[in-house]
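Asks: Compute the structure for the input listed below.
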Amino acid sequence: MKKILAVIFTLALTLTLSTFVYAEGNSDAFFKIDAVLGAAGYDGGSSVMGIGADQYVGFAVYVKNVDNFNAFKVDISWDADKADLDAKTGLNVAGESITINGAATAVAAESNLLGAPLGIPDAANADGVYIMNYAALGSSASSADYGLVYYVVLKTSSTFKVDDAMVITAKVSIADAGVERYLGARKFNVNGGVGVKTETWGKIKQLFE
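Replies: Have a look, this model is predicted:
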């Protein structure tokens, strides 16, 4: 009987997340990423510099102007040769002392806006791609101010150097009773994110002398 209930519950959650349709709900909603992890709440920041091998980088994902939602999707992508997704990634920001984004930081703990929604990984997940769907069955939330929905942490590879660059792309959708609103994509740049050497600016100046 327990197995049957588990199957029914999983199917109900899957349907909640897979029958999204686009509509006008949450029309003013948007999301931003926050690399200032020493304080709870949205503070801004979308790039870090001076990151070398075996170092943590990351950001919190916040939504704002949400009328109502009970499900969301996060889609994270990056160059898998340059970093691995860390187990710290998830619904909540755990308070801890850690060197992240190039600085020793007392990371401020923060809870997910939806509490403890259940998650289903996407079949597309592979190296460099991480997609998760979450739904809170029987409850919902709204947020006129910034509210946390996800925490993303990666650890750079043992061969990653300070003159290497990496871009982490985050895409977010929210949904209310199966009605989805895609909130767009934002990029987190590590060491500039475009692979431009420091001497490039000097070479450009020479062209105008």
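Asks: can we go C-alpha only for contacts and neighbour counts from here?
Replies: Fine.
Asks: how many other residues sit next to the residue nearest to N133 when sequence neighbours are not counted?
Replies: Counting by C-alpha to C-alpha, 6 or more residues apart in numbering, K73 is the residue found nearest to N133 once chain neighbours are left out, at 4.5 Å. The criterion is other C-alpha atoms under 10 Å. On that basis, K73 has 23 neighbouring residues.
Asks: K73 against A170, yeah?
Replies: No: at 10.3 Å, K73 and A170 do not qualify as touching, with contact defined as C-alpha atoms under 8 Å.
Asks: what's the weakest-modelled helix or strand in this protein?
Replies: Among the secondary structure pieces of the chain, namely its helices and strands, helix 200-207 has the lowest mean (mean pLDDT, DSSP states H and E), a mean of 40.
Asks: re the thing from before, check contacts around the residue nearest to N133.
Replies: With contacts defined as C-alpha atoms under 8 Å, 6 or more residues apart in numbering, the neighbours of K73 are 131-134, 172-174.
Asks: Could you list the low-pLDDT ranges of this protein?
Replies: Residue ranges of the chain with pLDDT under 70: 1-24, 193-209.
Asks: again, 90 this time
Replies: Within the chain, the stretches with pLDDT under 90 are 1-25, 123-124, 137-139, 177-178, 193-209.
Asks: Could I get the full set of helices for this protein?
Replies: When assigned using DSSP state H, the helices of the chain occupy the ranges 2-18, 200-207.
Asks: how far away is Y146 from A94?
Replies: From Y146 over to A94 the distance is 18 Å, taken as C-alpha to C-alpha, to the nearest Å.
Asks: which one of the two has more residues nearby?
Replies: Relative neighbour count places Y146 above the other of Y146 and A94, with 19 against 15, counting by other C-alpha under 10 Å.
Asks: hang on, isn't that one packed against Y42?
Replies: Yes: contact criterion C-alpha under 8 Å: Y146 and Y42 qualify, at 6.4 Å.
Asks: intersection of neighbour lists for those two?
Replies: Where contact means C-alpha under 8 Å, 6+ apart, the residues bridging Y146 and Y42 through contact with each are Y62.
Asks: So what's the residue count around S97?
Replies: S97: 12 surrounding residues under other C-alpha under 10 Å.
Asks: no no, L114
Replies: 21.
Asks: For V93, see how far away the residue nearest to it when sequence neighbours are not counted is.
Replies: Beyond its immediate neighbours in the sequence, the residue positioned closest to L114 (C-alpha to C-alpha, 6+ apart) is A141, lying 6.1 Å away. A141 sits at a distance of 18 Å from V93 (criterion: C-alpha to C-alpha).
Asks: Compare those two and say which one has the larger neighbour count.
Replies: Shown here are A141 and V93; by other C-alpha under 10 Å, V93 has more neighbours (23 against 16).
Asks: OK, contacts around that one?
Replies: Per C-alpha under 8 Å, 6+ apart, neighbours of V93: 60, 107-111, 150-151.
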